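Asks: Could you look at this predicted model? Sequence included:
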Amino acid sequence: MGETKYIFVTGGVASSLGKGIMSSSIGKLLQARGYNVTIQKFDPYINIDPGTLNPYEHGECYVTIDGHEADLDLGHYERFLSIETTKANNITTGRIYKSVIDKERRGDFLGKTVQVVPHITDEIKRNIKLLGNKYKFDFVITEIGGTVGDIESLPYLESIRQLKWELGQNALCVHLTYVPFLSAAQELKTKPTQHSVKELQSLGVQADVLVLRSEHELSANLRKKVALFCNVEEDAVVQSVDVPTIYEVPLKMQEQNLDKTILRKMGLPIGPDPELKPWKSFLDRRAKATEVVTIGLVGKYVELQDAYKSILESLLQAATYNDRKIKIDYIQSEDITPENVEEKLSKVDGVVICPGFGSRGVEGKFVAAKYTREHDIPTFGICLGMQCMAIEFARNVLGYQDANSTEMNEKTKHNVIDIMEEQKSITNMGGTMRLGAYECVISKGSKAFDIYGKEHIQERHRHRYEFNNSYREEYEKNGMKCVGVNPESDLIEIVEIPTLKWYIGAQFHPEYRSTVLNPHPLFLSFIKAAINK
Ligand code: GLN
């Protein structure tokens, strides 16, 4: 296509308007027209990455193939576009400053005073253009975290101002705002939108496209008014009203010609509308499914759905491809006891034992794993969930009552889950984990092999502790098989109990690889087993 085009997605009025979904939807529509698209997220906080953030602060930590602990919006980008993102797709203010300060210490600035403008903004601009320059994407969509008006967003908006000036038609700003409905007045209000566009203008940035989020349909007149007050063309003011699923947003944007408006404004040929057939067929199946499959999600963040975002999306995708509606039963693992486990788990069709760190709620996960093993309820253990399956098995089948992970009890005699030798010396948080994609070889004849249909797979990891190989033989003799192994390190990646209907634990996170058009085989098979329970 020639030069890379840069689209910036900013937000005003309130947070949580769905900038990630909007960025993904725009990306989806451009990709469907044959363009090579990537999306990146720039977060204004000072943490180097979200890896050390508590899920209560920022939801799930997503992991890219190259082992970057990323913002959960990267999960949306991958699920919508079936692309793979990397560390370069997620930048924080912390990383920008670190890189500038490192340069300063090396003497790269030759005695100059180092300032927010131009040094921080130059570093932001360099990072915005990195993927375009390196991989020659046709479109690089950059989502700016936070809300216009935040102090911490200022250097990003200044960088956008400069880039729009430098790149002309090759840069465009999509601003997402909110139009509230005041029930006392029975009216939709545009003033907050006008204010947030003015705030952007005061920083020298004119929005080219406005997406108005609202809980109600917006009239043509209202949009006309916004266009007039905000210096935005009428056809570039679109609405984004709540829809039953985020995956409908691209279609809603297509209906309003958002992709065409963007192409026209960037001076690109328009051509026919893409059909989005597989996407629509996914939505059709989702809408038509009437029968329900109920999955119990055993975790400690049940009140916080963002903490398990990718797992929930993977389950929804898998249920849809099995023509079922998904119902999630959130089960707080801290509350599970041997006395109440039956009441909590006997009604679900399948159980996911969730990933996690630390000992809160872990004993309940052991109880759940025991119950589902003994009652042959399809069970999927993910990362810590897999470790819990192994620990429970050691306690109740191998007879080691004190079996544990050294994460939970450093002094356990039966450390069936333990830290890798090479990692014991590392103390820097964020430096101690096995992160990103690793190879795994699956044993022929296993359930996992049937599910994947191949021997060599790659899956993404995020953990410190590992299955302790010195117990492997004992497990296998007693019925829990180690059927997925990393070929270099010999670390155990998948365990299963082949005599049960579906009892599989994965040390990796398959949920990071499940997309709308390429649902993950493990989730598909797990849901199928749950349906047949
Ligand atoms: N806490 C466990 C570990 O560090 C599992 C991590 C996870 O579930 N992501 O190994």
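Replies: Noted; the coordinates are in hand.
Asks: quick one: the one helix or strand Leu312 maps to near the ligand?
Replies: Using DSSP states H and E, the element containing Leu312 is helix 309-321. No: interface with the ligand: helix 309-321 contributes nothing (C-beta under 6 Å from any ligand atom), its closest point being 11.0 Å away. Glycine gets a C-beta too; all of them are placed from N, C-alpha and C.
Asks: Mind giving me the packing neighbours of that helix?
Replies: Helix 309-321 sits against helix 73-81, helix 277-288, strand 292-299, strand 325-332, helix 521-531, with contacts defined as 3 or more C-beta pairs under 8 Å, 6 or more residues apart in numbering; DSSP states H and E.
Asks: what does the stretch 301-450 of the chain have sitting close to the ligand?
Replies: Counting by C-beta under 6 Å from any ligand atom, the stretch 301-450 of the chain sits next to the ligand at Pro355, Gly356, Phe357, Cys383, Leu384, Glu407.
Asks: Most neighbours among those residues, which one?
Replies: Ranked by neighbour count (other C-beta atoms under 10 Å), those have Leu384 at the top, with 28 neighbours.
Asks: That one and Glu466 touch, don't they?
Replies: No: taking contacts as C-beta atoms under 8 Å, Leu384 lies outside contact range of Glu466: 12.0 Å.
Asks: Redo the helices and strands packed on helix 309-321 as JSON lines? Include distance to Gln507.
Replies: Shown next, in JSON lines, are these (distance: least, C-beta to C-beta, whole Å):
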{"stretch": "helix 73-81", "distance to Gln507": "20"}
{"stretch": "helix 277-288", "distance to Gln507": "29"}
{"stretch": "strand 292-299", "distance to Gln507": "17"}
{"stretch": "strand 325-332", "distance to Gln507": "22"}
{"stretch": "helix 521-531", "distance to Gln507": "12"}
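Asks: Highest mean neighbour count out of the ones you listed?
Replies: With neighbours taken as mean count of other C-beta atoms under 10 Å, those reach their highest mean count in helix 73-81, at a mean of 27.
Asks: Looking at that helix now, give me its mean pLDDT.
Replies: For helix 73-81, mean pLDDT is 97.
Asks: just checking, next helix/strand downstream of it?
Replies: As the chain continues past helix 73-81, the following element, by DSSP H and E, is strand 90-92.
Asks: And that following strand, what's buried?
Replies: Applying a neighbour-count criterion of 16 or more other C-beta atoms under 10 Å, one finds Asn90, Ile91, Thr92 buried in strand 90-92.
Asks: can you give me the offset of the helix or strand bottoming out on mean pLDDT in the chain from its chain's centre?
Replies: Every helix and strand in the chain was compared by mean pLDDT, DSSP states H and E; the lowest is helix 55-58, with a mean of 79. Its chain's C-alpha centre and that of helix 55-58 lie 13 Å apart, by C-alpha atoms, centre = their mean, to the nearest Å.
Asks: and it with the ligand, contact?
Replies: No: Helix 55-58 is not in contact with the ligand by C-beta under 6 Å from any ligand atom; minimum separation 11.1 Å.
Asks: so what strands line up beside whatever helix or strand comes next after that helix?
Replies: Remark: after helix 55-58, the chain's next helix or strand is strand 62-63, criterion DSSP H and E. Looking at strand 62-63 with DSSP bridges, its partner strands are strand 69-70 (antiparallel).
Asks: which residues are contacting the partner strand?
Replies: 41, 49-51, 61-64, 85, 87, 89-90, 430, 435, 462 (C-beta atoms under 8 Å, 6 or more residues apart in numbering).
Asks: So among the residues you listed, where is pLDDT lowest?
Replies: Among the contacts of strand 69-70, Gly430 carries the lowest pLDDT, at 52.
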